[in-house]
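Engineer: fold the following, please.
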Amino acid sequence: MSAAAATDIRQHILDTAQVLISGRGFTAVGLSEILHASNVPKGSFYHYFPSKEAFGESLLQGYFDGYLADLERVLTRPGLSAAERLMNYWQNWLETQTHCDPKGKCLAVKLAAEVSDLSEAMRGVLEQGTDKIIARLAQAIDDGFGDGSLPVHEDAPALATTLYQLWLGASLRAKITRDRMPLAAALAATQRLLGLPVQPTH
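Structural biologist: Sure thing, here's the model as predicted:
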């Protein structure tokens, strides 16, 4: 098998499993279900992943790699101020977390509490991934101070941390209430914390 074909199979397993796990959680989805949905034999799975925990690390790492790439595209979109780019990011978070399609669900939100107690290695991937997201948001906030689109001049890393944690909490609350109100409240709070006029959600 060529290296490209092996990479394709490995990625196919990860992509298939991500949809299942985003919907039901890491421990609720068994290996047999992943194998059946991926249409690969058990031996092939263990060729790419020595254990389910190692598979979980790879799943989370791939998720964060894709998330950070998408975040970079949103935060470098031409023709917009830094503040507009940031608010587009939060608006997109609200929209993707209020529908039932597991493909759009935030894996960090879904798995954080579950796997942080289950696996130190997976918890480490979650910590590193979320740290990178916060750092990129802090850079975008600094950009907003620089271009004048954000009137509030504060410690950008601290503000980015507060905002990201606000949205993680709101996402968990939205899972409980099964409506968008916690995320809409997070959007309004974000606008206030950034010193922007509070706009109605759409």
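
Engineer: low-scoring pLDDT stretches of the protein, where are they?
Structural biologist: Along the chain, segments meeting pLDDT under 70 span 1-7, 98-105, 201-202.

Engineer: only alpha carbons, please: show stretch 170-178 as CSV.
Structural biologist: What follows is stretch 170-178, C-alpha atoms only, in CSV (Å, rounded to 0.1, in the frame of the first residue of the first chain):
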residue,chain,number,x,y,z
ALA,A,170,-22.4,28.9,27.0
SER,A,171,-22.1,25.9,24.7
LEU,A,172,-22.5,23.5,27.6
ARG,A,173,-25.5,25.4,28.9
ALA,A,174,-27.1,25.4,25.4
LYS,A,175,-26.7,21.5,25.4
ILE,A,176,-28.7,21.5,28.6
THR,A,177,-31.4,24.0,27.6
ARG,A,178,-31.5,22.8,23.9
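
Engineer: list the buried ones in it?
Structural biologist: Buried positions in stretch 170-178, judged by neighbour count with 16 or more other Cβ atoms under 10 Å: 170-171, 174. In this view, the C-beta of every residue, glycine as well, is placed from N, C-alpha and C.

Engineer: one more: stretch 177-186?
Structural biologist: Within stretch 177-186, the residues scored as buried using 16+ other Cβ under 10 Å are 180, 182-184, 186.

Engineer: what is the nearest of those to Ile133?
Structural biologist: Ala186 (15.4 Å; Cβ to Cβ).

Engineer: gap between the closest residue to the closest one other than its chain neighbours and Leu35?
Structural biologist: Nearest non-adjacent residue to Ala186, counting by Cβ to Cβ, 6 or more residues apart in numbering: Ala170, 3.7 Å away. If you measure Ala170 against Leu35 using Cβ to Cβ, to the nearest Å, the figure is 35 Å.

Engineer: same check, this time on Ala185
Structural biologist: Using Cβ to Cβ, Ala185 is found at 41 Å from Leu35.

Engineer: same question for Glu84.
Structural biologist: Taken as Cβ to Cβ, the span from Glu84 to Leu35 is 45 Å.

Engineer: tell me which of these two has more neighbours.
Structural biologist: Comparing Glu84 with Leu35 by other Cβ atoms under 10 Å, the one with more neighbours is Leu35, at 18 against 14.

Engineer: kindly export the strand or helix carrying that one (C-alpha atoms) in PDB.
Structural biologist: Using DSSP states H and E, the element containing Leu35 is helix 31-38. C-alpha atoms of helix 31-38 as PDB (Å, rounded to 0.1, in the frame of the first residue of the first chain):
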ATOM      1  CA  LEU A  31     -14.400   0.300  18.400                       C
ATOM      2  CA  SER A  32     -16.700  -2.100  16.600                       C
ATOM      3  CA  GLU A  33     -19.000   0.700  15.600                       C
ATOM      4  CA  ILE A  34     -16.100   2.800  14.300                       C
ATOM      5  CA  LEU A  35     -14.800  -0.200  12.300                       C
ATOM      6  CA  HIS A  36     -18.300  -0.900  10.800                       C
ATOM      7  CA  ALA A  37     -19.000   2.700   9.900                       C
ATOM      8  CA  SER A  38     -15.500   3.100   8.400                       C
END
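
Engineer: next SSE downstream of it?
Structural biologist: Downstream of helix 31-38, the first helix or strand assigned by DSSP H and E is helix 42-48.
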